[in-house]
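K.L.:
sharing a model that was predicted from the sequence below.
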Protein chains: 2
Amino acid sequence: MRSLVRILALAGALAAAAALAGTGPPDEGTPYLQAVDRMRSIGLAEEKAHDFLARITAVGPRLTGSAQADRAVEVCLRMMEELGFDDVHPEPVTVVRWVRGTIEQAALIGSRGAGDVPLTVCALGGSVATPPEGLLAPVIEVRSFEELARRAREAEGKIVFYNRPMDRAQLDPFGAYGRAADQRVRGPAEAARYGAVGAVVRSLTFRVDDHPHTGVTQYDEGRARIPAAAVSTAGAELLSRRLKEDPTLRLKLRLDCRTEGPVASANVVGQITGRELPREVVLVGGHLDSWDLGTGAHDDGAGCAASIEALRLIKAAGLRPRRTIRAVLFMDEEFGGTGGRAYAAAPQRKGERHVFAAESDRGGFLPIGLAVGGGSREATERIRSFEDLFRPLGIQFIVPGGGGVDIGPIVERGAVPAAVILNSQTYFDVHHAALDVLSSVHPRELELQAVVLAALAYLVAQEGFGPGKP
Amino acid sequence: MRSLVRILALAGALAAAAALAGTGPPDEGTPYLQAVDRMRSIGLAEEKAHDFLARITAVGPRLTGSAQADRAVEVCLRMMEELGFDDVHPEPVTVVRWVRGTIEQAALIGSRGAGDVPLTVCALGGSVATPPEGLLAPVIEVRSFEELARRAREAEGKIVFYNRPMDRAQLDPFGAYGRAADQRVRGPAEAARYGAVGAVVRSLTFRVDDHPHTGVTQYDEGRARIPAAAVSTAGAELLSRRLKEDPTLRLKLRLDCRTEGPVASANVVGQITGRELPREVVLVGGHLDSWDLGTGAHDDGAGCAASIEALRLIKAAGLRPRRTIRAVLFMDEEFGGTGGRAYAAAPQRKGERHVFAAESDRGGFLPIGLAVGGGSREATERIRSFEDLFRPLGIQFIVPGGGGVDIGPIVERGAVPAAVILNSQTYFDVHHAALDVLSSVHPRELELQAVVLAALAYLVAQEGFGPGKP
């Protein structure tokens, strides 16, 4: 098996060497290195991705099902039309609309006569409201579900406070996030199992500051739904300290968020139609919905803007890909990916074959690597045989992986997944928080992502993947 | 020759594999991987480098020869003492003090009755003043010295305006800087050759904004010294546009900067004395002086803070290096490196052998690679044989190179040069400008640089370089 992979990789490398050297892909006059060089020059000189991002974030926060999300659909359709993309259209998605409301309050009520101390909180996405007068209950602080299970009896009638920090000692912030996010996603449901009346979760960031970070929480069907909030990391440290001094203190929590039920929304689709194999599709995309505390600049306006700019660069460089290169801006990633499922199931997919799908949902930071091929070593090696194309764009490694919530359903149907790996050391500073705004995205770093996406999409649109191709 | 390099690299790799696997360096109980892992955990959890940077930048701008530069020497000596470094001391450097003054004004004076239009400028380091009433002269815009030479006769009596932008299409910002910096460093001297009365240079940044970026300019001995200023990029675009409309417009320039002559200053030195070979020195360092528009956080408070933190991490991890690991904070890099020369020539260097010298003068951004060995492939390959140590710190490549202004003199005496390569895509946004302040340096990214430096310095302090070692 390994030797087969190597032979395939070698064959790919030889073909790649020929193409890079200037003989070029069989039916397209521009050698790849020259094509990529042209796109890099145009992209870095013009930095249009940030302009597109500015138009997307100018709409405001784009919470699934909101009026701003609708407006963002219109804005992006118009941008794609202006840029001369082919077959620009929305595709319907039915989403559940959750509304944050206007009240998000928390305060420590000490038992020793000290005044109330406010804590900075925000409702978690999907949370139910507290009673209008608020919830007042003692607090149990835990670091894990195991600890909560051990102390199950203490939880009844209390607010469970999850306070396990993202582990800063880990190099990979996504890894550290992944090992802490269970508290937010499943914590309130777990707390409800033990009779807790509310849940407060330490914000998922390495920083200690006073910005709460929201994100989705998932209740269990058929169990109590308890109000759930994120507390800023500074607030979490304060609460923890006060609880040590005064274990009987109570937390007052007031939220008026609510779920309003299904509403009509849309994915946004535009493309450069392939001149030889128009039904074979190379997809680049991100999600158009965002959280509502900032304007979703990194998450995921950046992925949308980079995807649009990738197509613009291919056109601006005068390239005419053999296969279709399509930008898809998915709706409703943050609440679970209905947009991705709707896209894969849409009637337009009949007769199309998705060769490749790159999801950009890691912010607008410096690209440093590529994750390609999911679990397919052959696919990774194939792209790796073209690494000389990506190195002049700052890509230092090409590893197995890729994929994401939105492209999951289309990858299940055979598309090779990919993602551009970015410097994510500062991502969780802003992720799902009020700090995620346009000024936090650097025009040049975002542009580089668009150039890498353009190079990758164009390469695959020329070379293909699939039956008869490793 | 190539095969020798490979054999050496292979031998190094085998030795490295043994050390990494846990047998460890011969006389030190801690295997390298474990040592690095410990330093990474401590460093990222505590993020002390940023605290050190905060103390350095709190002094204010640290222009060579200024009172703040003196104060920074004191602050850093005290920090090193507090951290328990060995042999903490200043070493004298005589520097030339240049003073910016308080007047930096420029305005377009149109010939067509329009009002004066102010331009945002700053004096270049080393510039002479204008007459007190200012300089008023027509302007010739050029993009290169070649163009200036061709149009030599037009320059007489005018202000030469150098307006060649840093080329954004280049991936490497240092490369783009290098290809534009001649205008600032040599432009005023070149202009003076042709009888110009002043020089204005477009600021060296990719961004178009209203922050002027200063930096040193060098006059020719025995030729006229003309006042020299940097204009913001937005100002440069405006000036260029107006010149096209009105080629006879005049520029008014007022500067009251001056050079005050030699003053006493110092490098700051502290170390962990090697327990076996105390006279063999592994140097890590940056420069303590800075420009004066911001507080020199990236340039080069970051390099100083990372060097101090590297030594702290080695101590905090309980490591006792065989050779001496020394932090040197050099004075006067920005005006030409007298600190580096004074260090190499100091009487204390007698009887010492500098094995290795890593200069950190690329800001406080994410580390992505190492440049090691200067032109010695053997040295590069030797460190590369330990790449598994650096990969868990995010180091993606190890290439030939390294070196810098401050370590130049000690490298000439045989030290192997090195530098941590950082993401520099945003460096020139802040470089030499008012934006170079503490808040522009991210604690985690700076800390990673310190951890990489610590790992590199410790490795070399254990393994050595030099006679009998490739």
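P.N.:
Perfect, thanks for sending it.

K.L.:
for the stretch 1-150 of chain A, what spans make up the helices?
P.N.:
A:2-18, A:32-46, A:48-57, A:67-82, A:145-150 (DSSP state H, counting those that start in this stretch).

K.L.:
how about the stretch 301-450 of chain A?
P.N.:
A:302-316, A:338-345, A:377-384, A:387-390, A:408-412, A:427-430, A:443-463.

K.L.:
can you get me a residue count around the residue in the stretch 351-470 of chain A positioned nearest to chain B?
P.N.:
Proximity of the stretch 351-470 of chain A to chain B (CB to the nearest CB) peaks at residue A:396, 3.6 Å away. (C-beta placed from N, C-alpha, C; glycine too.) By the measure other CB atoms under 10 Å in any protein chain shown, the count of residues near residue A:396 is 18.

K.L.:
now it: closest residue in space that isn't a chain neighbour?
P.N.:
Spatially, and ignoring its direct neighbours in sequence, residue A:396 is nearest to residue B:396 (3.6 Å; CB to CB, 6 or more residues apart in numbering or on different chains).

K.L.:
any idea how far that neighbour lies from residue B:370?
P.N.:
Residue B:396 sits 10 Å away from residue B:370, taking CB to CB, to the nearest Å as the criterion.

K.L.:
one more: residue A:431?
P.N.:
Taking CB to CB, one finds residue A:431 at 30 Å from residue B:370.

K.L.:
more neighbours, the two?
P.N.:
More neighbours surround residue B:370 than the other of residue A:431 and residue B:370, with 28 against 23 (other CB under 10 Å).

K.L.:
quick one: contacts for that one?
P.N.:
Applying CB atoms under 8 Å, 6 or more residues apart in numbering or on different chains to residue B:370 gives the contacts B:383, B:390, B:395, B:397-399, B:402, B:418-421, B:452, B:456.

K.L.:
hmm, back to that, got the contact list for the residue of the stretch 351-470 of chain A closest to chain B?
P.N.:
Contacts of residue A:396 by CB under 8 Å, 6+ apart are A:368-369, B:368-369, B:396-397.

K.L.:
distance of it relative to residue B:383?
P.N.:
In terms of CB to CB, residue A:396 sits 17 Å off from residue B:383.

K.L.:
quick one on the thing from earlier: so which of the helices of the stretch 301-450 of chain A is nearest residue A:184?
P.N.:
With respect to residue A:184, and counting by CB to CB, the nearest of the helices of the stretch 301-450 of chain A is helix A:427-430 at 12.4 Å.

K.L.:
just list what the closest one packs against, helices and strands only.
P.N.:
helix A:173-178 (3 or more CB pairs under 8 Å, 6 or more residues apart in numbering or on different chains; DSSP states H and E).

K.L.:
which bits of chain A sit near chain B?
P.N.:
Residues of chain A that fall close to chain B, judged by CB under 8 Å from any CB of the partner chain: A:40-42, A:44-45, A:47, A:168-171, A:206, A:366, A:368-369, A:392-394, A:396-397, A:423, A:425-426, A:442, A:444-445, A:448.

K.L.:
whichever of the residues you listed end up buried, select them in ChimeraX.
P.N.:
A single ChimeraX command selects the buried members of those (16 or more other CB atoms under 10 Å in any protein chain shown):
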select /A:40,41,42,44,47,168,170,171,206,366,368,369,393,394,396,423,425,426,442,444,445,448
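
K.L.:
how's chain A carved up into domains?
P.N.:
Listed domain ranges for chain A are A:2-97+A:262-463, A:101-256 (source: automatic domain parsing).

K.L.:
for residue B:281, which of these is the nearest?
P.N.:
domain A:101-256 (29.5 Å).

K.L.:
thinking again about what came up before, got phi/psi on the residue of the stretch 351-470 of chain A closest to chain B?
P.N.:
phi -100, psi -20 (degrees, to the nearest 10).

K.L.:
pLDDT score for it?
P.N.:
The confidence metric pLDDT takes the value 96 at residue A:396.

K.L.:
returning to what we had before: looking at the domains of chain A, which one has the lowest mean pLDDT?
P.N.:
For the domains of chain A, mean pLDDT drops lowest on domain A:2-97+A:262-463, to a mean of 93.

K.L.:
who touches stretch A:275-283?
P.N.:
Taking CB under 8 Å, 6+ apart as the rule, stretch A:275-283 contacts A:27, A:271, A:274, A:320-328, A:351-358, A:407, A:410, A:415, A:457, A:460-461, A:464.

K.L.:
contact partners for the residue nearest to the spatial centre of chain A?
P.N.:
Note on chain A: the residue nearest the mean C-alpha position is residue A:361, at 3.3 Å, using CA atoms, centre = their mean. Listed by CB under 8 Å, 6+ apart, the contact set of residue A:361 reads A:286-287, A:299-300, A:303, A:333, A:404-406, A:419.

K.L.:
what about residue A:107, how many neighbours?
P.N.:
18.

K.L.:
quick revisit: can you say which of the domains of chain A is nearest to residue B:35?
P.N.:
Among the domains of chain A, domain A:101-256 sits nearest to residue B:35 (CB to CB), with 14.8 Å.

K.L.:
centre of the chain to that closest one, how far?
P.N.:
24 Å (CA atoms, centre = their mean, to the nearest Å).

K.L.:
for the stretch 1-150 of chain A, which residue gets nearest to chain B?
P.N.:
residue A:41 (4.1 Å).

K.L.:
what about the closest residue to that residue other than its chain neighbours, which SS state?
P.N.:
Nearest residue to residue A:41, sequence neighbours excluded (CB to CB, 6+ apart): residue B:169, at 4.1 Å. Per DSSP: H, G, I helix; E, B strand; the rest coil, the secondary structure class of residue B:169 is coil.

K.L.:
pretty sure residue A:157 contacts residue A:197?
P.N.:
Yes. Applying CB atoms under 8 Å, one finds residue A:157 in contact with residue A:197, separated by 6.0 Å.

K.L.:
between the two, who's got more neighbours?
P.N.:
The neighbour comparison of residue A:157 against residue A:197 (other CB under 10 Å) goes to residue A:197, with 21 against 12.

K.L.:
ok, now which ones touch the residue nearest to the more buried one when sequence neighbours are not counted?
P.N.:
Nearest residue to residue A:197 in three dimensions, chain neighbours excluded: residue A:137, at 5.2 Å (CB to CB, 6+ apart). The contact partners of residue A:137, taken as CB under 8 Å, 6+ apart, are A:157-159, A:197-198, A:250-251.

K.L.:
likewise for residue A:239?
P.N.:
Here residue A:239 is in contact with A:108, A:119, A:139, A:141, A:161, A:163, A:200, A:231, A:251 (CB under 8 Å, 6+ apart).
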